[in-house]
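Asker: next one to model:
(2 chains)
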2 protein chains.
Amino acid sequence: MSVGIVFPQQAHFSSPLMLKSGALLPVFDLVYETYGTLNAAKSNAILVCHALSGHHHVAGYYADQTENIGWWDNIIGPGRPLDTDRFFIVGVNNLGGCHGSTGPASVNPATGKHWGADFPVVTVEDWVEAQARLADILGIDAWAAVIGGSLGGMQALQWTLSFPERVRHSLVIAAAAKLSAENIAFNEIARQAILSDPDFHGGNYYAHHVRPLNGLRLARMLGHITYLSDDQMAEKFGRRQRPGAGSYSFDVEFEIESYLRYQGDKFAGLFDANTYLRMTRALDYFDPALAYDGQLATALAPARASFLVIAFSTDWRFAPFRSREIVHALVHNGQSVAYAESNCAHGHDSFLMEDAYYHAVVASYLQRITL
Amino acid sequence: MSVGIVFPQQAHFSSPLMLKSGALLPVFDLVYETYGTLNAAKSNAILVCHALSGHHHVAGYYADQTENIGWWDNIIGPGRPLDTDRFFIVGVNNLGGCHGSTGPASVNPATGKHWGADFPVVTVEDWVEAQARLADILGIDAWAAVIGGSLGGMQALQWTLSFPERVRHSLVIAAAAKLSAENIAFNEIARQAILSDPDFHGGNYYAHHVRPLNGLRLARMLGHITYLSDDQMAEKFGRRQRPGAGSYSFDVEFEIESYLRYQGDKFAGLFDANTYLRMTRALDYFDPALAYDGQLATALAPARASFLVIAFSTDWRFAPFRSREIVHALVHNGQSVAYAESNCAHGHDSFLMEDAYYHAVVASYLQRITL
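Answerer: Below is the predicted model of the structure:
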């Protein structure tokens, strides 16, 4: 069942946040939503971390926009795996985002202008720090669980390292302990598409009243290829042609072209390019083992959480062996970890899908959490 | 041993060529090179077909540019798999190319201006037709073999269908009988990067004395990801950082970024964007089974050639199962086919590499050809 009508809330933080880059963010806002009720012991809170293009609107819908349903609505609600009859769920838009939290499109109080290019590069560690500030405000000493898919899974993992005592369970889904060269390569091309768009203006396009729509569109089209599985694309589109195909031109001829252009245009109209740059860079930088000579087990040793790691067999962006690297490190350390692999056909995007096995695994894991 | 000093030749065709699109090319030139000696019976000729970014300079070097070595030099020469002591090898720049054959950058005799956007979309079938005209000029009734990798392999396959009596052996390497939706998706993003570059000017950039360098650069960067294997990228670059990394910016931080930018810039400086558009479209369109309700075996039935099909286990652009589709169709028809799979680590690019097993297979196959 859906959580029904929801509404966003805003938290203002007036003490500065030191970022991993060394930059200092003097003040910032985080926009968030909550579903369910925080119990008296404040022991039933779950933090949902979003991926590259996600935000705080995770479940339910807005009273005045009933079609605007949260991006992970299928897993959250009464009786759903993240059961709001039992848990208090928090969704937050990350720092640097473009859905209400302080980001490049926000006004820099020091200048009275949009941050633009001056907004610092943020990292997964920075997001966790900011989320911890939100937890403080909400009175949550420790999360019952932190959960996320893809880049969200990296945050779920980082929480256990940044604040070992503040997270009891970490659900790391369709993620990896670091990007591969190929992963970085895809991000780099997306960034180059944005950075080289004449409307980018060095990141200060707000002042020019334009947006690098074309670069962002190309970036999203490219991202989409990596979110889907080859098989699924073959099944969904194959070589099916559009009506009027056979024009021997560079117009849309194949269904897959039409789909990608549509997805690219839609996204470019809604998302901020400066945020996209920073989200992809945060992905590139994430590598908890870097400070430990590449030894992931050493890096994960401080974690006190129990882990559920989930991978999808059709995901080629973060293939299952990437998840198993995390599992192996935890097993090596004698830490508590469960691992599941789903055959959901939707590639990397599977983590967003209502796959029966995958959802049953999450539901079953969370049901056994003591509050 | 290298074939040594070579030189390009030019053939002019003054009777019009009807293209698959219905467009008529009134006159055209093809630039080509030959290595070895055509025997008296003219029975020892091998045609080498090039892939997306290839051309007629397949082997050897130019007297005044000794560093300009042909793109497949490692397989051609005295004692090499394509043995010039025995065979007469022909390399040709395809119609629509940008290395001397008539293409979008050529002057349209009807207008006295660059063809630009008006240059028709060419197909694999059209290339084979044009190559047949060249064979006529050279007095070659039937090729001992037609060989190519990737898009070149598609031409080697098409030759057996367009001119069953004119090709005795077809060597189809790292190819597929058609692109998948994912393959088309990558091409589409490359094209969109070019088409949306403000310097593209609808394809008539020659008149504006600019070139869509940025779009072509992005297209090539993207192509490069699909040419390499994930493993190879991991081994070659991994997450290695550049000196001065850690800047928390969008500058080059990882080696893979540096590599891609370098490759993109280099290519954009040398290649014509209009040609790139047409080469990728030719890839998209290639689908001999389309006219036969998707039945590849039916489509391949007219071939009279013997086939050698080679795939590479690390190639994810055209994975081995795509080659085996061709093999299965030929086997189904009772046609002559040999199949080899190499473990060369270089992904799709393996077909260009000097892999011992792969080269031995080609050498052994060609040695047994009777002339």
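
Asker: could I get the full set of strands for the stretch 51-200 of chain A?
Answerer: Here the stretch 51-200 of chain A has its strands, by DSSP state E, counting those that start in this stretch, at A:61-62, A:65-69, A:76-77, A:82-83, A:88-92, A:107-108, A:113-114, A:145-149, A:169-173.

Asker: tabulate those in TSV, adding columns for distance to A:Thr37 and mean neighbour count.
Answerer: Any C-beta I mention is one placed from the backbone N, CA and C, and that applies to glycine too. Shown next, in TSV, are these (distance: least, C-beta to C-beta, whole Å; neighbours: other C-beta atoms under 10 Å in any protein chain shown):
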stretch	distance to A:Thr37	mean neighbour count
strand A:61-62	19	17
strand A:65-69	21	11
strand A:76-77	13	23
strand A:82-83	12	22
strand A:88-92	6	26
strand A:107-108	35	14
strand A:113-114	38	16
strand A:145-149	16	28
strand A:169-173	19	28
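
Asker: how about A:Ile147, what does it touch?
Answerer: By C-beta atoms under 8 Å, 6 or more residues apart in numbering or on different chains, the contact set of A:Ile147 is A:Ile46, A:Leu47, A:Val48, A:Cys49, A:Leu82, A:Ala156, A:Ser170, A:Leu171, A:Ile173, A:Val362.

Asker: run the last query once more with 7 Å
Answerer: By C-beta atoms under 7 Å, 6 or more residues apart in numbering or on different chains, the contact list for A:Ile147 reads A:Ile46, A:Val48, A:Ala156, A:Leu171.

Asker: ok so, going back, how about the strands of the stretch 51-200 of chain A in TSV, adding distance to A:Gln367 and mean pLDDT?
Answerer: Converted to TSV, the strands of the stretch 51-200 of chain A look like this (distance: least, C-beta to C-beta, whole Å; pLDDT from 0 to 100):
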stretch	distance to A:Gln367	mean pLDDT
strand A:61-62	26	98
strand A:65-69	25	96
strand A:76-77	15	98
strand A:82-83	8	98
strand A:88-92	15	98
strand A:107-108	45	95
strand A:113-114	46	96
strand A:145-149	12	98
strand A:169-173	12	98
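
Asker: so which of those strands is nearest A:Asn39?
Answerer: Closest approach to A:Asn39 among those (C-beta to C-beta): strand A:88-92, 7.1 Å.

Asker: filter the contacts of A:Ile147 down to the ones in helices?
Answerer: Residues of the contacts of A:Ile147 located in helices (DSSP state H): A:Ala156.

Asker: which one of the contacts of A:Ile147 sits closest to chain B?
Answerer: Closest approach between the contacts of A:Ile147 and chain B, by C-beta to the nearest C-beta: A:Ala156, at 21.1 Å.

Asker: tally up the residues packed near that closest one, please.
Answerer: 30 (other C-beta atoms under 10 Å in any protein chain shown).

Asker: what residues are up against it?
Answerer: Neighbouring residues of A:Ala156 by C-beta under 7 Å, 6+ apart: A:Cys49, A:Val146, A:Ile147, A:Gly148, A:Ser170, A:Leu171, A:Val172.

Asker: what pLDDT is listed against the closest residue to the fourth one other than its chain neighbours?
Answerer: Pointing back at A:Gly148 there. Distance criterion C-beta to C-beta, 6 or more residues apart in numbering or on different chains; nearest residue to A:Gly148, sequence neighbours excluded, is A:Cys49 at 3.4 Å. We have a pLDDT of 98 for A:Cys49.

Asker: identify the residues contacting A:Cys49.
Answerer: Applying C-beta under 7 Å, 6+ apart to A:Cys49 gives the contacts A:Val146, A:Gly148, A:Gly152, A:Gln155, A:Ala156.

Asker: near chain B, which residues of the stretch 151-300 of chain A?
Answerer: By C-beta under 7 Å from any C-beta of the partner chain, the residues of the stretch 151-300 of chain A that approach chain B are A:178, A:180-182, A:184-186, A:188-189, A:191-193, A:195-196, A:198, A:214, A:218, A:221-222, A:225, A:230, A:233-234, A:237-239, A:248-250, A:254, A:256-257, A:260, A:277, A:281, A:284, A:287.

Asker: which one of the contacts of A:Ala156 is nearest A:Leu270?
Answerer: When these are compared against A:Leu270 (criterion: C-beta to C-beta), the nearest one is A:Cys49, at 20.2 Å.

Asker: can you tell me how far that closest one is from B:Lys178?
Answerer: Going from A:Cys49 to B:Lys178 by C-beta to C-beta, to the nearest Å gives 41 Å.

Asker: picking that back up, helices - which of the residues of the stretch 151-300 of chain A next to chain B land there?
Answerer: Using DSSP H, those in helices are A:181-182, A:184-186, A:188-189, A:191-193, A:195, A:214, A:218, A:221-222, A:225, A:230, A:233-234, A:256-257, A:260, A:277, A:281, A:284.

Asker: what's the burial count for the residue nearest to A:Ala105 when sequence neighbours are not counted?
Answerer: Nearest residue to A:Ala105 in three dimensions, chain neighbours excluded: A:Asp272, at 5.1 Å (C-beta to C-beta, 6+ apart). A:Asp272 has 20 neighbours, counted by other C-beta under 10 Å.

Asker: in JSON lines, list the strands of the stretch 51-200 of chain A along with distance to A:Ser342.
Answerer: Putting those into JSON lines (distance: least, C-beta to C-beta, whole Å) gives the following:
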{"stretch": "strand A:61-62", "distance to A:Ser342": "27"}
{"stretch": "strand A:65-69", "distance to A:Ser342": "23"}
{"stretch": "strand A:76-77", "distance to A:Ser342": "18"}
{"stretch": "strand A:82-83", "distance to A:Ser342": "17"}
{"stretch": "strand A:88-92", "distance to A:Ser342": "22"}
{"stretch": "strand A:107-108", "distance to A:Ser342": "43"}
{"stretch": "strand A:113-114", "distance to A:Ser342": "42"}
{"stretch": "strand A:145-149", "distance to A:Ser342": "12"}
{"stretch": "strand A:169-173", "distance to A:Ser342": "10"}
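
Asker: nearest to B:Leu161, of the ones you listed?
Answerer: Among the strands of the stretch 51-200 of chain A, strand A:145-149 comes nearest to B:Leu161, with 46.4 Å by C-beta to C-beta.

Asker: direction-wise, compare that closest one with strand A:169-173 and give the angle.
Answerer: Angle between the axes of strand A:145-149 and strand A:169-173 is 10 degrees (criterion: axes from the mean of the first three to the mean of the last three C-alpha atoms, to 10 degrees).

Asker: export strand A:145-149 as CSV, just CAs?
Answerer: What follows is strand A:145-149, C-alpha atoms only, in CSV (Å, rounded to 0.1, in the frame of the first residue of the first chain):
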residue,chain,number,x,y,z
ALA,A,145,19.1,0.8,8.9
VAL,A,146,20.6,2.8,6.1
ILE,A,147,19.7,1.6,2.6
GLY,A,148,20.4,2.6,-0.9
GLY,A,149,21.0,1.4,-4.4
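
Asker: next one: it to chain centre, how far?
Answerer: 10 Å (C-alpha atoms, centre = their mean, to the nearest Å).

Asker: now the angle from that strand to strand A:88-92?
Answerer: Relative orientation of strand A:145-149 versus strand A:88-92 (the same axes, to 10 degrees): 50 degrees.

Asker: quick one: end-to-end distance for stretch A:97-109.
Answerer: 17 Å (C-alpha to C-alpha, to the nearest Å).

Asker: pull out the buried positions in it.
Answerer: A:Gly97, A:Cys98, A:His99, A:Gly100, A:Ser101, A:Thr102, A:Gly103, A:Pro104, A:Ala105, A:Ser106, A:Asn108 (16 or more other C-beta atoms under 10 Å in any protein chain shown).
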